[in-house]
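Colleague: After the sequence you'll find the predicted model.
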Amino acid sequence: MADRSLSLFKLSVAVAFGLWLGFIAIVLTTWLASRYLFPQSLAPVAQAVQQLGQPAVVAPQPPNRMFEQYQENLRKQEQQHTLDQARNNARNLSNPKCQFWLQQDQNAPNEKSKANVLQFCD
């Protein structure tokens, strides 16, 4: 009885291994046939795969535009720093014009309010 179950197990393993080898053989045969019988149909796929490996080309901005943008960012940062200092300066608490423009700039910030904060606040 034990010999019979062992032989059934060996048979099952042999059949499973044979099916797996058959599947691999079919896949390899199909792949080889498609490469040799239809090489032109794979050309677009090969070209697309080749392009995936290449880095994308980004058009650089002209150097003067980049520098202008850098200067604008520095100006904004400097202005923001000055506004923050004006808000945190204790002497500005007793200055009504400064308080008014600080409040205006906080509620509806625009260039006029920022300029007036810089003018009336220390």
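Modeller: All right, it came through fine.

Colleague: Secondary structure element holding Ile24?
Modeller: Element membership of Ile24, judged by DSSP states H and E, is helix 2-37.

Colleague: same check, this time on Phe100
Modeller: Assigned by DSSP H and E, Phe100 falls within helix 96-107.

Colleague: Summarise which helices and strands that helix is packed against.
Modeller: Here helix 96-107 touches helix 63-88, helix 111-120, going by 3 or more Cβ pairs under 8 Å, 6 or more residues apart in numbering; DSSP states H and E. Where you see a C-beta, it was placed from the backbone N, CA and C, and this is true even at glycine.

Colleague: Out of these, which is closest to Asp105?
Modeller: Among those, the nearest to Asp105 by Cβ to Cβ is helix 111-120 (4.0 Å).

Colleague: Tell me the buried residues in that closest one?
Modeller: Of all the residues in helix 111-120, those buried under the rule 16 or more other Cβ atoms under 10 Å are Ser113, Lys114, Asn116, Val117, Phe120.

Colleague: Please look at the second one and Lys76 and confirm they touch.
Modeller: Which is Lys114. No - assessed by Cβ atoms under 8 Å, Lys114 is found out of contact with Lys76, at 10.0 Å.

Colleague: so is Gln47 in a helix, a strand, or just coil?
Modeller: Classification of Gln47 by DSSP: H, G, I helix; E, B strand; the rest coil places it in helix.

Colleague: For it, list the residues it contacts.
Modeller: Not one residue lies near Gln47 by Cβ atoms under 8 Å, 6 or more residues apart in numbering.

Colleague: What's the separation between it and Tyr36?
Modeller: Distance of Gln47 to Tyr36, given as Cβ to Cβ, to the nearest Å: 19 Å.

Colleague: for Phe100, same thing?
Modeller: 84 Å.

Colleague: for this structure, what helix or strand is lowest in average pLDDT?
Modeller: None of the helices or strands of the chain scores lower by mean pLDDT, DSSP states H and E than helix 43-52, at a mean of 70.
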